[in-house]
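A.B. asks: below is the sequence, then the predicted model.
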Amino acid sequence: MEKTFLISGGGTGGHFFPALSFLRLLKEKKLKSIYIGSSYGIEKRLQDDIPVQKIFLDTKGFVGKSYKDKLKSLYLMAKSVYTLNAFINYDFLSVVFGGYASLPVGILSTLKRKHLFIHEQNTIPSLTNRLLSKKSTLSFTTFYYTSKFFENPLRVGMPLREEFLGFYDKKELQKEFGLESPCILVMGGSQGAKALNDTAVELFQKTNFNGVIITGDKHFDEVYSALKSLKRVKVFPFFKEVYKLMKACDVAVSRSGASTVYEMASVGLPAVFVPYPYAFHNHQYYNALEIKDLGGAKLLEQKDLTLQNLIEALEDILKNLESYSKNISSFCIKNEKNGIMLPQEIMLKKVLEIL
């Protein structure tokens, strides 16, 4: 009987979107799959984007919670494993992308002695993936640094949408958005980042840079009001076709979540990375550091984020734009023709070889 792929990863966009890219590939290859997520994660809100059957479990996060909430989380986790076991009555293998939504799938796979593959997006593995890696068949990674945490690592990069590898004429995109070079893209992650937004407002008010700011929903009104008189600056709360903005702009100012880093590398967009300082084990700092060491980005810690420091970093990149672009692009895995390979295709090929 054909095995069913159980795919999980969620809670946040950083875990959900790479899982979604892998799901789309499985559907394209006509391989049976089911997505398992949390009723409390971003995946529930974006469930219409999931192209296969889906199950949402009553799981919640554990890290950083109170003692009472941790006990509740453990109870919900055990309940979710029981629920999933009752539902899954056929042969399966699992590919999980981290986050608390993945743990029931990983536990069930271990109990049933099924193949378990994990994908770790960040340099510093999540608690979920550290636990599951002890029983995983193979641990896929995005960053080189991550291999030190796993016994069976394989670097494949970060699964991403095929649109990032498509051809788009930069001049045409700039015309579409009403932009000109030099153009700065400011992104604070799926929730936005007030520190980046505030500094970006000052940057665009006091310089002649063209720009785009993706503010996050809760910061949109404030940023839009501050910049609405500047026609050379576009403000969005969220932008689904972000690959178009990345290809239209010259430099980014951004948090350094793993998806964002790999997406920018895939389009050759250098960045000034300002890591989120409260990320688990400061993993965004180490994500950014790996790209900085390749010569593809500048790294500014949030405590050092001033207008002057930002301008200096942007000007240095713009003076050496071709070099920075080439260096950040080198982070992506490429084929013999020097074309960027889709990480999810590398993953699937390896999984099928093992099976």
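C.D. replies: All right, it came through fine. Residues are numbered from 1 along each chain as shown.

A.B. asks: please work out the average pLDDT along stretch 335-350.
C.D. replies: Mean pLDDT, stretch 335-350: 90.

A.B. asks: what about that stretch, distance to the chain center?
C.D. replies: Relative to the centre of its chain, stretch 335-350 is centred 18 Å away, using Cα atoms, centre = their mean, to the nearest Å.

A.B. asks: residues contacting that stretch, please?
C.D. replies: Contacts to stretch 335-350, defined as Cβ atoms under 8 Å, 6 or more residues apart in numbering, come from residues 18, 21-22, 25-26, 29, 95, 117, 119, 138, 140, 142, 154, 156-160, 162, 165, 262, 266, 329, 332-334. C-beta here means a position set from N, CA and C on the backbone, and glycine is covered the same way.

A.B. asks: and for stretch 72-87?
C.D. replies: So stretch 72-87 is in contact with 36, 55, 57-62, 65, 100, 103-105, 107-108, 111, going by Cβ under 8 Å, 6+ apart.

A.B. asks: of all these, which two lie farthest apart?
C.D. replies: By the measure Cβ to Cβ, 65 and 111 form the most distant pair in the contacts of stretch 72-87, at 24.8 Å.

A.B. asks: still on that earlier bit, which PyMOL command selects the buried ones in the contacts of stretch 335-350?
C.D. replies: The PyMOL selection below is limited to those of the contacts of stretch 335-350 classed as buried (16 or more other Cβ atoms under 10 Å):
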select buried, resi 18+21+22+25+26+95+117+119+138+140+142+156+157+158+159+160+262+266+329+332
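
A.B. asks: filter the contacts of stretch 335-350 down to the ones in strands?
C.D. replies: 95, 117, 119, 138, 140, 154 (DSSP state E).

A.B. asks: show me the contacts for the nearest residue to the second one once chain neighbours are set aside.
C.D. replies: Okay, so that is residue 117. Distance criterion Cβ to Cβ, 6 or more residues apart in numbering; nearest residue to residue 117, sequence neighbours excluded, is residue 95 at 4.6 Å. By Cβ under 8 Å, 6+ apart, the contact list for residue 95 reads 5, 6, 7, 8, 22, 117, 118, 119, 347, 351.

A.B. asks: how about residue 55?
C.D. replies: 34, 35, 36, 37, 84, 87.

A.B. asks: for the stretch 201-350 of the chain, which segments count as helices?
C.D. replies: Secondary structure of the stretch 201-350 of the chain by DSSP state H, counting those that start in this stretch: the helices cover 220-227, 242-248, 258-267, 283-294, 307-319, 321-329, 343-354.

A.B. asks: extract the residue ranges of the protein that are flagged as low pLDDT.
C.D. replies: 1, 61-65, 67, 69-70, 189-192 (pLDDT under 70).

A.B. asks: show me how it divides into domains.
C.D. replies: Per automatic domain parsing, the domain ranges recorded for the chain read 4-157+341-354, 163-329.

A.B. asks: any idea how far the first one is from the chain center?
C.D. replies: Counting by Cα atoms, centre = their mean, domain 4-157+341-354 is centred 14 Å from the centre of its parent chain.

A.B. asks: quick one: end-to-end length of it, please.
C.D. replies: 15 Å (Cα to Cα, to the nearest Å).

A.B. asks: the last one too?
C.D. replies: The first and last residues of domain 163-329 sit 16 Å apart, counting by Cα to Cα.

A.B. asks: quick one on the thing from earlier: in the sheet, which residues pair with the residue nearest to residue 117? Tell me.
C.D. replies: Residue 95 forms beta bridges with residue 7, residue 117, as assigned by DSSP bridges.
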